[in-house]
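> after the sequence you'll find the predicted model.
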Amino acid sequence: MIKAAEWIDLTGKVAHVTGGGKGIGKGIATALAMAGAKVMVSDINLETAQQTANEIGGAAMALNVADRDQVDAAMAQTVEALGSLDILVNNAGLYLGYGGPVENITDEMWQALWSVNVDGVFYCCRAAATIMKQQGGGRIINIASTQARTPGVGVTYDGSKAAVEMITKSLALELAPHGINVNALAPGPTWVNEGEPPPVDAQVPPKSGDPLADTVADRIARLPLGHWGDPMEQGKAAVFLASDLSSFVTGIYLPCDGGWLTL
C-alpha cells in the first residue's frame with residue numbers, strides 16, 4: 001500500500017511559475033520546490049527571478065507574459081532546460097490600486113492591466129496546452145482572486161480576475177480529454193511585503209468614504225481567521241492543485257482566503 005505522502009510528491013515534475021520573483025509567486029515556487037518539483041521561475045524582473053531560483057535550487061528567466069512571442073519561447077525553453085512542462089502556474093499579474101472612479105481610468109491603464117492579467121494568462125495557457133497535449137497531460141493553475149467574485153478593488157482588476165475564472169472553467173472542459181487539469185487558485189488578503197510584518201489583528205486604515213476601498217477594509221477587519229495570509233499558504237494550496245491529491249479536480253475556483261468569501 002502506498003503512503004499518502006506519495007500523493008504530494010512532485011519529484012520528477014517540472015513547474016513554470018510566472019511572476020515568481022516575489023510575493024505570492026515566490027511562495028508558490030518555493031512550495032513546489034519543497035514538494036520535489038524542478039521549478040522555472042520567470043518574472044519581468046530577471047534579478048528577482050534569479051534570487052528566488054537561487055534560494056529554491058531552480059532556474060530563472062525574464063518574461064513579459066503580455067508578449068506572446070516571449071511566452072511561446074519561454075515555455076519551449078522550460079522544456080529544453082528542464083526536460084518537460086508538467087505544471088504551469090499563471091501568477092504574473094498587475095494591480096494598479098483601487099483604480100477608480102471609472103471616469104479616471106484611462107485606456108492605457110485598462111490595456112496595461114488586461115494585457116498581463118488576461119492576455120498573459122491566455123498566451124501562457126495556449127503555449128503550455130500545446131506542450132502538455134504532446135506529453136499526455138499536465139496541470140495548469142491560474143491565479144485568480146477573491147475579487148473575481150467580490151468587487152472592491154475596481155473594474156480593471158476585479159474584471160480581469162473574473163475573466164481568469166471563466167478562462168479556467170472553459171479550458172478545463174476543453175483540455176480534460178487530454179489529461180490536463182485546469183484550476184484557479186483565488187488568494188484572499190495576503191501579505192506580500194517581505195521582511196515587513198503584517199498589521200496586527202488584521203488592522204486596516206480607517207474608512208475613506210470610497211465604497212470600493214471601504215468594502216475591502218471592512219472585510220479584512222472581519223476576516224474569520226483573523227489574520228492576513230502569507231505567500232506560503234498560497235503555495236500550499238498550489239501544491240494541492242499540482243499534485244495527485246487533486247487528480248479528480250478540474251475546473252474549480254479554490255479560495256485560499258481566510259474566510260473572506262463567507263462574509
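Sure thing, it's come through.
> low-confidence bits of the stretch 151-263 of the chain, can you list those?
Within the stretch 151-263 of the chain, the segments meeting pLDDT under 70 span 199-214.
> ranges for the helices of it?
Using DSSP state H, counting those that start in this stretch, the helices of the stretch 151-263 of the chain run over 155-175, 211-221, 231-242.
> any idea how far the first one is from the middle of the chain?
Read that as helix 155-175. 12 Å (CA atoms, centre = their mean, to the nearest Å).
> got the CA coordinates for that helix in PDB?
Taking Å, rounded to 0.1, in the frame of the first residue of the first chain, the C-alpha atoms of helix 155-175 are listed here in PDB:
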ATOM      1  CA  VAL A 155     -13.400  47.400 -12.500                       C
ATOM      2  CA  THR A 156      -9.900  46.900 -14.100                       C
ATOM      3  CA  TYR A 157      -8.600  44.400 -11.600                       C
ATOM      4  CA  ASP A 158     -11.900  42.800 -10.500                       C
ATOM      5  CA  GLY A 159     -13.000  42.300 -14.100                       C
ATOM      6  CA  SER A 160      -9.700  40.800 -15.100                       C
ATOM      7  CA  LYS A 161      -9.800  38.200 -12.300                       C
ATOM      8  CA  ALA A 162     -13.400  37.300 -13.100                       C
ATOM      9  CA  ALA A 163     -12.200  36.700 -16.700                       C
ATOM     10  CA  VAL A 164      -9.400  34.400 -15.400                       C
ATOM     11  CA  GLU A 165     -12.100  32.300 -13.600                       C
ATOM     12  CA  MET A 166     -14.100  31.700 -16.800                       C
ATOM     13  CA  ILE A 167     -10.900  31.100 -18.800                       C
ATOM     14  CA  THR A 168     -10.100  28.400 -16.300                       C
ATOM     15  CA  LYS A 169     -13.500  26.700 -16.500                       C
ATOM     16  CA  SER A 170     -13.600  26.800 -20.300                       C
ATOM     17  CA  LEU A 171     -10.200  25.300 -20.700                       C
ATOM     18  CA  ALA A 172     -10.900  22.700 -18.000                       C
ATOM     19  CA  LEU A 173     -13.600  21.300 -20.200                       C
ATOM     20  CA  GLU A 174     -11.600  21.600 -23.400                       C
ATOM     21  CA  LEU A 175      -8.400  20.000 -22.100                       C
END
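> report the buried residues of that helix.
Within helix 155-175, the residues scored as buried using 16 or more other CB atoms under 10 Å are 156-165, 167-169, 171-172, 175. Any C-beta I mention is one placed from the backbone N, CA and C, and that applies to glycine too.
> the strand of greatest length in the chain packs against which elements?
Using DSSP state E, we find that the single longest strand of the chain is strand 180-187. Here strand 180-187 touches helix 120-135, strand 138-143, helix 155-175, helix 231-242, strand 253-256, going by 3 or more CB pairs under 8 Å, 6 or more residues apart in numbering; DSSP states H and E.
> swap the cut-off to 10 Å and go again
Contacts defined by 3 or more CB pairs under 10 Å, 6 or more residues apart in numbering; DSSP states H and E place strand 180-187 against helix 23-34, strand 87-90, helix 120-135, strand 138-143, helix 155-175, helix 231-242, strand 253-256.
> quick check: angle from it to helix 23-34?
Here strand 180-187 runs at an angle of 130 degrees relative to helix 23-34 (axes from the mean of the first three to the mean of the last three CA atoms, to 10 degrees).
> partner strands of strand 180-187, with direction?
Next to strand 180-187 in the sheet, as set by DSSP bridges, lie strand 138-143 (parallel), strand 253-256 (parallel).
> output these as JSON lines; include the columns mean neighbour count and distance to L10.
Formatted as JSON lines, those follow (neighbours: other CB atoms under 10 Å; distance: least, CB to CB, whole Å):
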{"stretch": "strand 138-143", "mean neighbour count": "26", "distance to L10": "10"}
{"stretch": "strand 253-256", "mean neighbour count": "20", "distance to L10": "18"}
